[in-house]
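1. structure here, sequence nowhere to be found:
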């Protein structure tokens, strides 16, 4: 039996340990919205070679000026020679367009390249894109994120992944560039299904918080003091800590837009119609968001649900 020297053994172990980041060096990032822009930036700062594509070229030009990467005029050109293709776009149709459309990135999919989709989309389109990637000799991970714009900018997103374990391990060094919690949930599509659970939770939480704050205002309580006290007890939550004060101020010009939330809730409701889950509160809150849209709040933060419950009464200092 031939034995390796200890030095060779250590070198081999070290190569295996670092094989993921070494194998994936050149990236394409498709979609530079409020989430994708900073996510792509974290990858560039980590030393990856990043080529970006965005529907509006002005934004991709600004990104290149800021992060020293490169930009392409089509998803296919961005993907040429890339070891991994990452995307964060709007919906199922957008995913199909940038991956398998006329100028889709999968036209230039390199052998063994990894496609990582951060879009909040359906489990169906995730499975569809996974098949397309495999047929072209690549692999696919659905990896929707939670944490909002601030989470993306600060690199502390929660990322829910669906796909094969080996592909997830390859993707992990990339995802850790902007993810604080990164978990493989199961096979393809389970990342998207997990994100639906997340959005269902948020819908109920924000509605409950809206009702509570509106009640306190009508009772003429000092709501800043109320928030300070209840945030330390059983009522405490991310939504209360990060949105409570802005809701009292009726400030909604930031964060996760109502239009996007309605899209996400529709995905959950459609999936529930298939698997038999009962989502009565989710369906109701979805209609409340429709009312916010009718008020002109399409791009308001999701915490704007409180606007349905009446005008904020004047404070004693007004």
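-> The structure has been received and is ready for your questions. Not measured: the values here are computed from a predicted model. Residues are numbered from 1 along each chain as shown.
2. can you give me the helices for the stretch 151-300 of the chain?
-> Taking DSSP state H, counting those that start in this stretch as the criterion, the stretch 151-300 of the chain contains helices spanning 165-175, 190-218, 223-230, 238-249, 258-275, 280-294.
3. quick one: closest of those helices to residue 148.
-> The minimum distance between residue 148 and those falls on helix 238-249, with 8.3 Å, by CB to CB. From N, CA and C alone the C-beta is placed, and that goes for glycine too.
4. and the closest one, which residues are buried?
-> Under the neighbour-count criterion of 16 or more other CB atoms under 10 Å, helix 238-249 has 239-240, 243-244, 246-248 buried.
5. then stretch 113-131?
-> Residues of stretch 113-131 classed as buried: 113-123, 125-130 (neighbour count, 16+ other CB under 10 Å).
6. same question, stretch 297-312
-> Judged by neighbour count (16+ other CB under 10 Å), stretch 297-312 contains these buried residues: 297, 300-309, 312.
7. per-residue pLDDT of residue 316, please?
-> pLDDT, the model's per-residue confidence, is 50 for residue 316.
8. same question but for residue 104, I mixed them up
-> At residue 104 the predicted local confidence, pLDDT, stands at 98.
9. ok, now which ones touch it?
-> For residue 104, the contacting residues are 75-76, 96-98, taking CB atoms under 8 Å, 6 or more residues apart in numbering as the criterion.
10. what mean pLDDT does whatever helix or strand residue 38 lives in have?
-> The secondary structure element spanning residue 38 is helix 36-45 (assigned by DSSP states H and E). In this model, helix 36-45 has an average pLDDT of 98.
11. for the helices of the stretch 151-300 of the chain, give me a markdown table that also has distance to residue 150 and mean pLDDT.
-> Compiled in a markdown table, the helices of the stretch 151-300 of the chain are given as follows (distance: least, CB to CB, whole Å; pLDDT from 0 to 100):
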| stretch | distance to residue 150 | mean pLDDT |
| --- | --- | --- |
| helix 165-175 | 18 | 98 |
| helix 190-218 | 15 | 97 |
| helix 223-230 | 19 | 96 |
| helix 238-249 | 8 | 96 |
| helix 258-275 | 15 | 98 |
| helix 280-294 | 21 | 98 |
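12. of these, which is nearest residue 145?
-> The stretch from the helices of the stretch 151-300 of the chain with the least distance to residue 145 (CB to CB) is helix 190-218; that distance is 8.0 Å.
13. any buried residues in that closest one, and which?
-> Across helix 190-218, burial judged by 16+ other CB under 10 Å covers 190-196, 198-200, 202-203, 205-210, 212-214, 216-217.
14. kindly report the same for stretch 91-98.
-> Of the residues in stretch 91-98, those scored as buried under the neighbour-count criterion (16+ other CB under 10 Å) are 91-92, 94-98.
15. list the ones among those that fall in helices.
-> Residues of those located in helices (DSSP state H): 92, 94-98.
16. Throw these into JSON lines and include pLDDT and distance to residue 47, thanks.
-> Written out in JSON lines, the entries for these read as follows (pLDDT from 0 to 100; distance: CB to CB, whole Å):
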{"residue": "92", "pLDDT": "98", "distance to residue 47": "33"}
{"residue": "94", "pLDDT": "98", "distance to residue 47": "29"}
{"residue": "95", "pLDDT": "98", "distance to residue 47": "27"}
{"residue": "96", "pLDDT": "98", "distance to residue 47": "31"}
{"residue": "97", "pLDDT": "98", "distance to residue 47": "30"}
{"residue": "98", "pLDDT": "98", "distance to residue 47": "25"}
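17. so what's residue 26 up against?
-> Applying CB under 8 Å, 6+ apart, the residues contacting residue 26 are 48-49, 51, 81-84.
18. gap between residue 229 and residue 288?
-> When distance is defined by CB to CB, to the nearest Å, residue 229 is 27 Å away from residue 288.
19. cool, and residue 302?
-> Residue 302 sits 11 Å away from residue 288, going by CB to CB.
20. any idea which of the buried residues of stretch 297-312 is least confident?
-> On pLDDT alone, residue 312 ranks lowest of these, at 69.
21. coming back round to it: who does the helix or strand just after the helix holding residue 38 pair up with?
-> Scanning forward in sequence from helix 36-45 by DSSP H and E, the next helix or strand is strand 49-53. Under the criterion DSSP bridges, strand 49-53 sits next to strand 26-30 (parallel), strand 70-71 (parallel) in its sheet.
22. hang on, the earlier thing: next, format the contacts of residue 104 as TSV and append distance to residue 25.
-> What follows is the contacts of residue 104, written out as TSV (distance: CB to CB, whole Å):
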residue	distance to residue 25
75	19
76	20
96	27
97	27
98	22
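23. show me the two of these that sit farthest apart.
-> With distances taken as CB to CB, the most widely separated pair in those is 76 and 96, at 13.9 Å.
24. I'd say residue 289 and residue 265 touch.
-> Yes: the pair residue 289 and residue 265 passes the contact test of CB atoms under 8 Å, sitting 7.2 Å apart.
25. nearest to residue 140, of the buried residues of helix 238-249?
-> Using CB to CB, residue 239 comes nearest to residue 140 of the buried residues of helix 238-249, at 31.8 Å.
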